[in-house]
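In: Predicted model, plus sequence, below.
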Amino acid sequence: MAGGLGLRELGGTGLKISSLGFGGSPLGNLFGSVKEEDAIASVHEAARLGINFFDVSPYYGDTLAETVLGKALKSIPIPREDYVLSTKCGRYGSGFDFSAERVTKSVDESLQRLNVTYVDLIHCHDIEFGSLDQIVTETVPALQKLKDAGKVRHIGISGLPLNAFRYVLDRVPKGSVEVVLSYCHYSLNDTSLLEIVPYLQEKGIGIISASPLSMGLLSGQTPPEWHPAPSELKVACNKAIEVCKAQGKSIAKLALQYAMRNHDIATTLVGMTSIEQVQENVKAAIEVEQGAKYDEELLKEVEKVLQPVKNLTWSSGRDEN
Ligand code: NAD
């Protein structure tokens with residue numbers, strides 16, 4: 001399987017990242033308890049199979065995910081410049097703080113936990129929970145200083161409401177924010193990310209899409225208790241799972257392959273917690289790279305079940321954002 005995963009350009013950053021990325025939130029036990037040895041083995045297997053992009057945040061498991069990823073990266077058998085590391089700032093176990101002072105300190109703490117001297121990407125984590133004006137006038141300029149100091153290579157913003165991206169990108173100096181990390185907006189049940197793709201492309205912004213399994217709604221297992229989706233959406237996703245199960249098919253595979261087909265999206269971030277999941281997902285991703293045909297019949301049936309909840313989402317962040 002090694003060597004089969006394609007690399008895609010991340011906007012104008014110059015970074016070439018694997019079309020499938022390793023999502024680090026499960027390493028902080030967000031989807032149930034994961035043994036450290038399994039977490040580390042998953043990271044190693046991902047790297048072995050050609051995944052070169054790893055995303056994490058100090059928020060995941062209140063710093064646990066960064067610590068575990070740091071341990072895994074320390075023993076990873078590839079040079080630092082051969083993988084792309086992304087973490088975040090502004091969201092913590094204790095709440096949100098996008099002040100210049102906090103994010104500056106936060107990056108130093110992340111570098112220590114991750115055992116590295118720089119990260120390739122630093123995202124302002126879930127900007128809709130902060131003041132978007134503060135992100136523009138204080139957070140991004142502070143991160144720019146860290147960029148000048150060589151601690152971060154590129155700046156990104158993450159969050160759920162797509163309008164918040166526009167608000168920030170329309171106001172920051174050109175080239176300061178180079179990447180957006182959107183989640184739960186490009187999957188079998190929600191493709192609303194497409195609405196802003198032309199806007200992002202015009203600005204040369206790299207697009208990362210996370211949670212192709214809709215944060216567990218389409219994994220085939222029970223989603224975590226904290227999942228914010230309205231019950232209507234959860235019920236429809238369960239029906240879609242049943243349709244796949246009845247045919248002995250994996251909804252996770254269908255969902256992942258659906259998300260990965262769109263080459264406007266540089267990478268699709270999936271949370272993975274075992275060697276088996278990594279192998280399954282890399283195999284599915286390589287099939288996409290090689291142009292394998294969809295299971296069109298199954299896709300049609302699943303889309304029909306999900307049609308009544310298409311693009312149904314939930315509110316996130318401050319009312320004004
Ligand atoms: P996801 O949609 O990737 O789902 C993860 C769940 O699916 C986990 O329980 C995982 O064990 C399971 N899974 C993975 N592969 C599977 C397979 N083949 N079969 C069955 N189950 C499988 O959701 P996610 O982890 O939330 O999103 C991916 C990553 O994107 C995160 O880990 C994080 O790095 C990033 N992310 C960032 C933000 C943000 O910045 N605001 C939000 C969401 C996600």
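Out: Thanks, I have it.

In: What's the nearest residue in the stretch 1-150 of the chain when you look at the ligand?
Out: At 2.3 Å from the ligand, Gly23 is the closest residue in the stretch 1-150 of the chain, using Cβ to the nearest ligand atom. For the C-beta atoms, the positions are set from N, CA and C on the backbone; glycine is no exception.

In: dump the residue contacts of that residue.
Out: With contacts taken as Cβ atoms under 8 Å, 6 or more residues apart in numbering, Gly23 has the following neighbours: 55, 210-211, 269-272.

In: which ones among those come in contact with the ligand?
Out: 55, 210-211, 269-272 (Cβ under 6 Å from any ligand atom).

In: Which member of these is positioned nearest Gln221?
Out: Checking those against Gln221 by Cβ to Cβ gives Gly271 as the nearest, at 11.9 Å.

In: Quick check, that closest one in contact with Phe31.
Out: Yes: Gly271 is in contact with Phe31 according to Cβ atoms under 8 Å; the separation is 6.3 Å.

In: Looking at the two, which is more packed in?
Out: The residue with more neighbours, out of Gly271 and Phe31, is Gly271; 26 against 22, by other Cβ atoms under 10 Å.

In: Give me the pLDDT value at the more buried one.
Out: Per-residue confidence at Gly271 stands at 94 (pLDDT).

In: Backbone dihedrals for Val243, please?
Out: When read as degrees, to the nearest 10, the backbone of Val243 gives phi -60, psi -40.

In: isn't it right up against Glu303?
Out: No: Val243 lies out of contact with Glu303 (Cβ under 8 Å); the separation is 10.2 Å.

In: between these two, who's got more neighbours?
Out: When neighbours are counted by other Cβ under 10 Å, Val243 comes out ahead of the other of Val243 and Glu303, with 18 against 14.

In: Could you report the distance from the more buried one to Leu306?
Out: Per Cβ to Cβ, to the nearest Å, Val243 is found 10 Å from Leu306.

In: What's opposite the residue of the stretch 1-150 of the chain closest to the ligand in the beta bridge?
Out: Residues found in beta-bridge contact with Gly23 (criterion: DSSP bridges) are Asp55, Gly271.

In: How about Ile208?
Out: Per DSSP bridges, the residues bridged to Ile208 are Leu181, Thr267.

In: Restricting to C-alpha, output the strand or helix carrying Gly21 in PDB.
Out: Assignment of secondary structure by DSSP states H and E places Gly21 within strand 20-23. Included here for strand 20-23 are C-alpha records, laid out as PDB according to Å, rounded to 0.1, in the frame of the first residue of the first chain:
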ATOM      1  CA  LEU A  20      -5.800  11.700   3.700                       C
ATOM      2  CA  GLY A  21      -4.700  13.400   6.900                       C
ATOM      3  CA  PHE A  22      -4.400  12.000  10.400                       C
ATOM      4  CA  GLY A  23      -6.800  13.700  12.800                       C
END
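
In: buried sites along it?
Out: When neighbours are counted by 16 or more other Cβ atoms under 10 Å, the buried residues of strand 20-23 are found to be 20-23.

In: Check those residues against Val278 and report the nearest one.
Out: Phe22 (7.8 Å).

In: Determine the residues that are contacts of both of Gly271 and Phe31.
Out: Contact criterion Cβ under 8 Å, 6+ apart; residues bridging Gly271 and Phe31 by contacting each: Ser25.

In: what about the residue of the stretch 1-150 of the chain closest to the ligand, distance to Leu69?
Out: 11 Å.

In: Around the ligand, which positions in the stretch 201-321 of the chain sit nearby?
Out: Applying Cβ under 6 Å from any ligand atom, one finds that the stretch 201-321 of the chain approaches the ligand through 210-216, 219-220, 252, 269-273, 277, 280-281.

In: try it again with 8 Å
Out: Residues of the stretch 201-321 of the chain that fall close to the ligand, judged by Cβ under 8 Å from any ligand atom: 210-221, 224, 250, 252-253, 255-256, 269-274, 277, 280-281, 284.
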